[in-house]
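Novice: Sequence plus predicted model, see below.
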Amino acid sequence: MRVDREIGYILHTRNYRETSLIVEVFARRHGRLGLIAKGAKRQKSGMVGILNSFHPLLLSWSGRGELATLTNAESVSAYDRLAGDTLYCAFYLNELLMRLLHRHDAHETLFDSYQEALATLRTQGAGEPVLRIFEKRLLQELGYALVLDHDVERAQSIDPEALYQYVPERGPIQANGKQRHGIEVHGTSLLDLDREELENPRSRRETKRLMRAVLARHLGDKPLQSRLLLQQVFKLRADDLSPE
Amino acid sequence: MIEGLKQALCKLPGVGPRTAQRMAFHLLERDREGARHIAEALTSALQNITNCTRCNNFSEQELCPICASARRKAEQLCVVESPADLEAIEKAGVYQGMYFVLMGRLSPLDGVGPDDLRLEQLEQRLAEGGVQELILATNLTVEGEATAHYIGELAQKRGVEVTRIAQGVPVGGELEYIDRNTLAHAISGRHKL
Ligand SMILES: [Zn+2]
């Protein structure tokens, strides 16, 4: 099978043999796939400086099976590099995709959301809302859409003023003093996430806890390394150097 | 016994089972003297080469020749990912300062975080004082950039001036594989982070 000039992003690369790379790609029409880039680290391969994450590429490959061979990679536009916190956030998006996408399942809508998230990071800098919206759309695309518009027990619309218990495998249930194993969130937070408008600080705080709990069910015990990195960055900033 | 040798040779980077078999047969059939030489060189390297206690580069002494040298500028400290990168910069021949080898880079998707690099040792080095400029010469890959930013913040907190090697090295390029001239330009054209 030959595939010619398909738009895609590099999620991750690792060294393979002396000068080659195994490249994990997220292509719009092909989903996540693994490609061998033979001799990619040699200057004359023409791939040095091209195979970067977070930058759209036109990729050509051939072969079938688990690992096809990358035959060409072209940059679509001038390289626009991410820096600092936006870079850490972009790693987070890639790690989510690497952990949750299966190879060879196309996700065109999700691909567009990914592209949109990267664009937002570039124009607006690092921020929680971009990550929450991407997480929400990712779960939706994988068939685990969150219920954000109605109470799953009473079949009533979400009341912005009310307090809910969000039970990860079910959805929001209005808190009425009964103890449940859910995440406490206000109606406004659910509606804000539904509309993808997370300006309200409380909504940000609550949806962060909510998404974390929901994602944990799909990610298993292994923590997201890029989340740990972000936590360490914030800790580094908060640490006081002066001796006690 | 021959299986064991083949498996041992497979540990070399870029050597698969077939190459390993060819190497093993070659050494045993045609070049036993060469084989003995390899064995001795490996044993002696393992016995005598450790990591420099100051910069982590490979060294036969507690301090490597660069760290021990009085001619190098102690106020400049250049941070690189690997000994191969250090070697590449040395070959470019324009840098007179000291080094610090991280022995890795931040790579969340490979599970490498700040605690996996020798950052405590680097912080200690900065805390000693004397370093006026920290030059970030990690690779211009996304992981190298992330590493540079993290260390940059770490150093700026201590009031150390931080510079990053200039573009000129192609983005995504790894130092080990770049020609000398480009690398020399990159070192002299470094800029403030
Ligand atoms: Zn040294």
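Specialist: That came through, no problem.
Novice: my guess is A:Gly65 is in a helix, correct?
Specialist: No: according to DSSP: H, G, I helix; E, B strand; the rest coil, A:Gly65 belongs to no helix; its state is coil.
Novice: Longest strand in chain A, please.
Specialist: The single longest strand within chain A, with elements called by DSSP state E, is strand A:2-16.
Novice: chain center to that strand, what's the gap?
Specialist: Strand A:2-16 sits 17 Å away from the centroid of its parent chain (C-alpha atoms, centre = their mean, to the nearest Å).
Novice: Could you give the average pLDDT over that strand?
Specialist: Per-residue pLDDT values across strand A:2-16 average out to 94.
Novice: Check what pLDDT the residue nearest the centre of chain A gets.
Specialist: The centroid of chain A falls nearest to A:Leu93 when counting by C-alpha atoms, centre = their mean (2.8 Å). On the pLDDT scale, A:Leu93 is placed at 98.
Novice: That one is in contact with A:Thr120, isn't it?
Specialist: No: checked against C-beta atoms under 8 Å, the pair A:Leu93 and A:Thr120 is beyond contact range at 10.7 Å. To be clear about C-beta, it is placed using only N, CA and C from the backbone, and glycine gets the same treatment.
Novice: which residues touch A:Arg180?
Specialist: Contacts for A:Arg180 were tallied using C-beta atoms under 8 Å, 6 or more residues apart in numbering or on different chains; they are A:165, A:167, A:173.
Novice: hang on, I meant A:Glu161
Specialist: Counting by C-beta under 8 Å, 6+ apart, A:Glu161 touches A:186-188.
Novice: Flag every residue of chain B that's near chain A.
Specialist: Counting by C-beta under 8 Å from any C-beta of the partner chain, the positions of chain B adjacent to chain A are B:13-14, B:106, B:108-115, B:141-142, B:145-146, B:149-150, B:153-154, B:157-158, B:170-174, B:177-179.
Novice: among the residues you listed, which ones are buried?
Specialist: B:106, B:108-109, B:112-114, B:141-142, B:145-146, B:149-150, B:154, B:170-174, B:178 (16 or more other C-beta atoms under 10 Å in any protein chain shown).
Novice: Please tell me how far whatever residue of chain B ends up closest to chain A sits from B:Pro114.
Specialist: In chain B, the residue found nearest to chain A is B:Pro170; the distance is 3.3 Å by C-beta to the nearest C-beta. Distance, B:Pro170 to B:Pro114, by C-beta to C-beta, to the nearest Å: 27 Å.
Novice: Over to A:Gly46?
Specialist: Applying C-beta to C-beta, the value for A:Gly46 to B:Pro114 is 34 Å.
Novice: Ok, A:Leu58 next?
Specialist: 35 Å.
Novice: Can you list phi and psi of B:Thr53 for me?
Specialist: As for B:Thr53, its main-chain torsions (degrees, to the nearest 10) stand at phi -70, psi -20.
Novice: Count the residues that sit near it.
Specialist: 13 (other C-beta atoms under 10 Å in any protein chain shown).
Novice: I figured it hits B:Gln61, correct?
Specialist: No: contact criterion C-beta under 8 Å: B:Thr53 and B:Gln61 do not qualify, at 9.4 Å.
Novice: Show the contacting residues for the closest residue to B:Leu117 other than its chain neighbours.
Specialist: Leaving aside its sequence neighbours, B:Leu117 sits nearest to B:Leu102 (C-beta to C-beta, 6 or more residues apart in numbering or on different chains; 4.7 Å). B:Leu102 sits next to B:56, B:79-82, B:117-119, B:122, B:138, B:147 when contact means C-beta under 8 Å, 6+ apart.
Novice: Tabulate those residues in a markdown table, adding columns for secondary structure and neighbour count.
Specialist: Shown next, in a markdown table, are the contacts of B:Leu102 (DSSP: H, G, I helix; E, B strand; the rest coil; neighbours: other C-beta atoms under 10 Å in any protein chain shown):
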| residue | secondary structure | neighbour count |
| --- | --- | --- |
| B:Asn56 | coil | 22 |
| B:Val79 | strand | 25 |
| B:Val80 | strand | 28 |
| B:Glu81 | coil | 24 |
| B:Ser82 | coil | 20 |
| B:Leu117 | coil | 21 |
| B:Arg118 | coil | 17 |
| B:Leu119 | helix | 20 |
| B:Leu122 | helix | 22 |
| B:Thr138 | coil | 26 |
| B:Thr147 | helix | 25 |
